[in-house]
Each structure stands twice: as structure tokens, then as C-alpha cells.
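1. coords please:
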Amino acid sequence: MLQPGGTLGFTTWDICGPRNLLQNAQALIPEAPNTRTIEINAMQMANGYWHDRQFMRQTLESLGLTDIKIEGFNHRKEAASARDCAYAMRSVTRFSTRMWPDQDAAWRMFEKIEEVLKGEYGDGKVGIWSVALIVTAKKPE
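-> Residues are numbered from 1 along each chain as shown. You can find the predicted model right below:
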């Protein structure tokens, strides 16, 4: 419970580079389940649009909070090559594909991640951009 005069703080994603990369790679696997639409609709129904600054501001104001600050924090994760980046994403890839009925398709995610990154960056260094939103608001005294 937020006490009068207290500050609420949280973070959320504006742009989640690894998630976008996984979705782009998954789209290249015809037998992969189409989870993106289901996931986005479920998230929006349950949580609203918590990547939308205006939605957050309006929601926090409707709760009576003041001094609302929403700041973006840019983050770039780099790897020496597309293959290195695909390898570095192995834990998140395994987690995101763990329920796929076709585990052979799930294993192809690694090669598709590499393919997407090579298409964008070639054979050199790769980078994945993300933007976190850092949100603070005060409860009036």
C-alpha cells in the first residue's frame, strides 16, 4: 500500500528488442505456432497498454497520483556476429518454445535468429535495441 507522500516506481518495456527478434525469427518457421497475436491480445486485455506513455499517465492520474515522470532508457545489447547473438539467446529461446508441439521447429529458432540478424547486419557485429520506461509518481499527502 502506498502511503500518502510516497513514491511509486516501476519499469516496463517500450521496445523489447529480444522479443521482437524472436517474433521475426518465429515468423520464418511455417510450422511454428502463431503465438504473437494471442500473446499481444491477452497482455492488452489483462494489463492495458503499459508500453503507451499516454495510457500510463492517464491511468496514474486517474488513481490520484501526481508528479508523474516517464523516462525512456535505451539499451543496446551487442554481439560479435549473428551466430554469437543467436547462441547468447539460447535460454530465452528455449523458454519461449518450450510448449511448442513440434520441438524440431523450436530448435530451428536458433538458425532463424541468425538468419534475421544476418539479413539486417550482414556478417559483422550485431546489436539489439531495447527501450525500458522508468516510471515514477507520487501519492499526495
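2. Can you name the element that comes right after the longest helix belonging to the chain?
-> The longest helix of the chain (DSSP state H) is helix 103-121. Remark: after helix 103-121, the chain's next helix or strand is strand 126-138, criterion DSSP states H and E.
3. For I29, see how far away M109 is.
-> Between M109 and I29 the computed distance is 7 Å (Cβ to Cβ, to the nearest Å). Where C-beta positions appear, they are placed from N, C-alpha and C, glycine not excepted.
4. ok, the two, which is more surrounded?
-> Neighbours around M109 and I29, counted as other Cβ atoms under 10 Å, are more numerous at M109. The numbers are 24 against 18.
5. wait, the more buried one sits on A25?
-> Yes - contact status for M109 versus A25: in contact at 5.6 Å, counting by Cβ atoms under 8 Å.
6. how many other residues sit next to V135?
-> V135 is flanked by 19 other residues according to other Cβ under 10 Å.
7. what are the bridge partners for it, then?
-> With DSSP bridges as the criterion, the beta-bridge partners of V135 are F10, I70.
8. ok, it - contacts?
-> By Cβ atoms under 8 Å, 6 or more residues apart in numbering, the residues touching V135 are L8, G9, F10, T11, T12, M56, L60, I68, K69, I70, E71.
9. which of the residues you listed lies closest to S81?
-> Proximity of those to S81 was ranked by Cβ to Cβ; the top entry is T11 with 29.8 Å.
10. how near is that closest one to L60?
-> To L60, T11 is 14 Å away according to Cβ to Cβ.
11. Looking at those two, which is more packed in?
-> Between T11 and L60, L60 has the larger neighbour count (other Cβ under 10 Å), namely 19 against 10.
12. Can you list the low-confidence ranges for this protein?
-> Within the chain, the ranges that satisfy pLDDT under 70 run 35-48.
13. hmm, try it at 50
-> Judged by pLDDT under 50, the chain has its weakly predicted residues at 38, 45-46.
14. Spatially nearest residue to the residue nearest the centre of it, not counting backbone neighbours?
-> Compute the mean C-alpha point of the chain, and by Cα atoms, centre = their mean the closest residue is C16, 2.9 Å away. With Cβ to Cβ, 6 or more residues apart in numbering as the measure, S130 is the residue that lies nearest to C16, at 5.6 Å, once sequence neighbours are left out.
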